[in-house]
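Asks: just to be clear, the model below is a prediction. Sequence and coordinates:
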Amino acid sequence: MLAPGTPHIRRATPADAASLASFASALFPLGCPDTAPADLADYIAAELTPARFLAFIRDPNIIVLLNEADGEVEPRIIAYTVIVRCSSHPNLLAIEPCELRKLYVDPAYHGHGIANDLMDCALGLLRAEPPRPIWLSVFSGNARAIAFYRKWGFEVVGSQEFLVGADAQKDFLMQRRTA
């Protein structure tokens, strides 16, 4: 049995879709501090909905992991990641790479190893599959996230435009050879 408050990672179920959407909607704006509220609202309304998370969870090509800590009434999400198997990108040459689409941690848990545990679990799941490159997209102004991904062996291999509502932002494409 886990000690009270001890985080634990598990695969998301359909019952988690609304909680994931709420958590993601609260955290996403923290990564875009200079983005207009209307653009953030448009992005969240289109991309961070319970229906979108339910579709991710039900898709056999996608793995959604969440990290929970015990709450006062029930466990609460403190981090999550979305892994897409066989997710190509037009700017990358890899054949059938995997994509680490999201990895978000509640700021109250920054510096506690939560992101490392989640990344280790995600890569562990991918190691059980045929070896493939893994790529991700990260906001070019997010130095903390870029440093984290570099620590895990990801290298900047290009860039792309990423729309948050109507706000065009520059994301770096980062890639790692295999899990």
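Replies: Yep, it's here.

Asks: measure how buried the residue lying closest to Gly165 once chain neighbours are set aside is and give me the count.
Replies: Take Gly165 and drop its neighbours on the chain: the residue closest to it by C-beta to C-beta, 6 or more residues apart in numbering is Asp39, 2.8 Å away. Glycine gets a C-beta too; all of them are placed from N, C-alpha and C. By other C-beta atoms under 10 Å, 17 other residues sit near Asp39.

Asks: Asp39 contacts Phe162, correct?
Replies: No - counting by C-beta atoms under 8 Å, Asp39 does not reach Phe162; the two are 11.6 Å apart.

Asks: sorry, back to before: list the contacts of the residue nearest to Gly165.
Replies: Val164, Gly165, Ala166, Asp167 (C-beta atoms under 8 Å, 6 or more residues apart in numbering).

Asks: quick one: which two of these are the most distant?
Replies: Val164 and Ala166 (8.2 Å; C-beta to C-beta).

Asks: any idea whether the closest residue in space to Asp106 that isn't next to it in sequence is helix, strand or coil?
Replies: Nearest in space to Asp106, with sequence neighbours left out and distances taken as C-beta to C-beta, 6+ apart, is Ile78 at 4.6 Å. Three-state assignment for Ile78 (DSSP: H, G, I helix; E, B strand; the rest coil): strand.

Asks: also Ile57?
Replies: Once three-state DSSP is applied, Ile57 turns out helix.

Asks: remind me, longest helix of the chain?
Replies: Identified as the longest helix of the chain according to DSSP state H is helix 114-127.

Asks: which helix or strand contains Val156?
Replies: Here Val156 sits within strand 155-164, counting by DSSP states H and E.

Asks: residues in contact with that strand?
Replies: The set of residues external to strand 155-164 that reach it, using C-beta under 8 Å, 6+ apart, is 32, 35, 39-40, 42-43, 89, 91-92, 135, 137, 139-140, 146, 168-176.
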